[in-house]
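**Q** structure for this input, please:
(chains A and B)
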There are 2 protein chains.
Amino acid sequence: MSIQPVQAFEPPYVMAVFSNVRTADDSGYPEVNARMQELVGENPGFLGYESARTPGGLGITVAYFRDHESLGAWRTNLEHQAAMKQGRADWYESYTLHVATVERSHGFARNG
Amino acid sequence: MSIQPVQAFEPPYVMAVFSNVRTADDSGYPEVNARMQELVGENPGFLGYESARTPGGLGITVAYFRDHESLGAWRTNLEHQAAMKQGRADWYESYTLHVATVERSHGFARNG
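**A** Next up is the predicted model:
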């Protein structure tokens, strides 16, 4: 399967942009990251997510939800909250989170 | 200067998420990219931007503006429109653009 950007969903929808710089501490991170991907998929309003990281530099993850209620359920999930706490303690040097309502979107594909 | 996520601006503000997969064609791309960074900086409502790319994979660029009017001026800028057209012709295999109003944001810094 080739890599693709997530699609342009039908507006309005919600997105959370998480831009971050990691510490050198990778202990437990891959496992928790995989578990979070599994867990968020159980949220009925979860639409998708995508992630990019420049080696040694900035990482940007964007998660898409149907509405603010769905995102709120994810934000208050206890297992997710424990992971966020561990992230601040161990894995992230710095981050910014931006939560927004998407009003319009469109996609382009060369062979689409 | 160390790499940092852009700050959490005072809501509401506008962000455009451009997630993309590049073609192998790099001709002219670095120059136009540098010119676009210079040009968008002349927009009085431009707040900042950040970008990450997984080697051989997805790239995500997020641009932040004070309001939709500022973003509209950028979208309709003729030199930017020519660059977007060239991007579809040469540089991008596929992309999705999501335009949104940010309602809340916060930041974290280990030593901040």
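
**Q** going by C-alpha atoms from here, please, whenever you check contacts or count neighbours.
**A** OK.

**Q** distance check, A:Asp26 against A:Tyr92.
**A** 10 Å (Cα to Cα, to the nearest Å).

**Q** what's the answer for A:Val32, then?
**A** A:Val32 is 14 Å from A:Tyr92, by Cα to Cα.

**Q** these two: who's more crowded?
**A** A side-by-side neighbour count of A:Val32 and A:Tyr92, using other Cα atoms under 10 Å in any protein chain shown, places A:Tyr92 first with 20 against 16.

**Q** any idea what the more buried one is bridged to?
**A** A:Arg22 (DSSP bridges).

**Q** contacts only, for A:Asn20.
**A** A:Leu58, A:Gly59, A:Ile60, A:Tyr92, A:Glu93, A:Ser94, A:Tyr95, A:Thr96, B:Gln4, B:Pro5 (Cα atoms under 8 Å, 6 or more residues apart in numbering or on different chains).

**Q** and for A:Pro12?
**A** Contacts of A:Pro12 by Cα under 8 Å, 6+ apart are A:Arg66, A:Asp67, A:Thr101, A:Val102, A:Glu103, A:Arg104.

**Q** can you redo those as TSV with secondary structure, pLDDT and distance to A:Ser51?
**A** Shown next, in TSV, are these (DSSP: H, G, I helix; E, B strand; the rest coil; pLDDT from 0 to 100; distance: Cα to Cα, whole Å):
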residue	secondary structure	pLDDT	distance to A:Ser51
A:Arg66	coil	98	19
A:Asp67	coil	98	20
A:Thr101	strand	98	19
A:Val102	strand	98	18
A:Glu103	strand	98	21
A:Arg104	strand	98	20
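
**Q** sorry, back to before: need the max-distance pair from the contacts of A:Asn20.
**A** A:Ile60 and A:Glu93 (13.8 Å; Cα to Cα).

**Q** tally of neighbours for A:Gly59?
**A** Neighbours of A:Gly59 (other Cα under 10 Å): 23.

**Q** please determine how far it is located from chain B.
**A** Distance, A:Gly59 to chain B, by Cα to the nearest Cα, to the nearest Å: 6 Å.

**Q** what bridges to that residue?
**A** Residues in beta-bridge contact with A:Gly59 (DSSP bridges): A:Asn20, A:Arg53.

**Q** same question for A:Val99.
**A** A:Ala16, B:Arg104.

**Q** returning to that earlier point: looking at A:Ile60 and A:Glu93, which has the bigger crowd around it?
**A** A:Ile60 (26 against 20).
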